[in-house]
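# Here is the input, now give the coordinates:
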Amino acid sequence: MARERITKKMAFSRSFDWTSTSEQEHLAYVRRANVKQLNNILCTYDWGHFPETVLGWATAQKGLDLDAALKAFFNGDPSRFNYIPKQDVGPDHRGTVRLLDSICLRINAGFYLPSRLACDAKLRKLDKWLFYQDEDITEGQRGRWVLDRAVLAPALKPAEASIGDEDVAGLNPNLLPGHHTPLSESLSLKAIIRPLTGS
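Predicted structure coming up:
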């Protein structure tokens with residue numbers, strides 16, 4: 001009965017109060033969103049709330065845009081953990097790291113739809129991330145998360161993404177098509193997603 005009252009109360013609305021509502025109410029609200037609304041939630045959801053529950057569900061839905069998934073990934077501040085050995089991640093952050101794992105794996109698997117990078121103009125964080133990713137390769141090392149350029153290329157291609165000349169000029173040339181760095185290792189998608197879905 002209580003669950004039914006929550007469901008009826010959670011009609012999707014931009015006026016939803018994220019700060020004074022519970023984890024269950026966040027999830028119930030997000031589950032009512034359509035694809036366009038989910039893309040916006042991925043771009044704007046505060047990781048200080050309940051990211052493992054809310055974004056863990058939202059990022060697993062089909063039909064979402066690549067740019068929204070990338071913004072969600074960078075909103076989680078992955079640079080905090082990118083060079084920390086898995087066993088050294090503190091218990092308070094393991095859920096966050098698992099969520100970042102699953103988003104990165106889905107990005108590299110081509111799960112999200114190529115789209116214009118609109119969540120964050122030119123996604124400067126992506127530009128910076130790939131710059132340091134290249135530096136790691138040059139130095140013979142790698143971080144925990146390596147983004148696959150072959151997957152990112154369609155979204156970054158000017159002709160297909162309708163990105164203007166001024167936008168292309170702001171991007172690292174290495175981000176453009178033809179510059180693919182293969183992953184040196186792969187992770188099990190099921191093994192990482194299982195803790196998020198409870199399966």
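
# Could you look up the next helix or strand downstream of the strand or helix carrying residue 97?
For residue 97, the host element (DSSP states H and E) is helix 94-108. Once the chain leaves helix 94-108, the next helix or strand it forms, by DSSP H and E, is helix 124-138.

# what about that next one, average pLDDT?
Helix 124-138 shows a mean pLDDT of 91 in the predicted model.

# so what does it touch, helix or strand wise?
When contacts are defined as 3 or more Cβ pairs under 8 Å, 6 or more residues apart in numbering; DSSP states H and E, helix 124-138 sits against helix 66-75, helix 149-156. To be clear about C-beta, it is placed using only N, CA and C from the backbone, and glycine gets the same treatment.

# the inter-axis angle of the first one versus helix 149-156?
Here helix 66-75 points in a direction 120 degrees away from that of helix 149-156 (axes from the mean of the first three to the mean of the last three Cα atoms, to 10 degrees).

# Would you mark the buried spots in helix 66-75?
The neighbour-count check on helix 66-75 (16 or more other Cβ atoms under 10 Å) flags 66-75 as buried.

# Now do residue 109: how many residues are near it, please.
Applying other Cβ atoms under 10 Å, we find 12 residues neighbouring residue 109.

# how close does it get to residue 115?
The gap separating residue 109 from residue 115 is 16 Å, by Cβ to Cβ, to the nearest Å.

# swap in residue 53?
Here residue 53 is placed at a distance of 25 Å from residue 115 (Cβ to Cβ).

# Show me where the protein dips below the pLDDT cut-off.
1-14, 116-123, 155-199 (pLDDT under 70).

# Swap in 50 and give it another go.
1-10, 121, 158-199 (pLDDT under 50).

# okay, the helices and strands packed on helix 124-138 in CSV with distance to residue 131 next?
Formatted as CSV, the helices and strands packed on helix 124-138 follow (distance: least, Cβ to Cβ, whole Å):
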stretch, distance to residue 131
helix 66-75, 14
helix 149-156, 12
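
# Ok, which of those comes nearest residue 81?
With Cβ to Cβ as the measure, helix 66-75 is the member of the helices and strands packed on helix 124-138 nearest residue 81 (12.0 Å).
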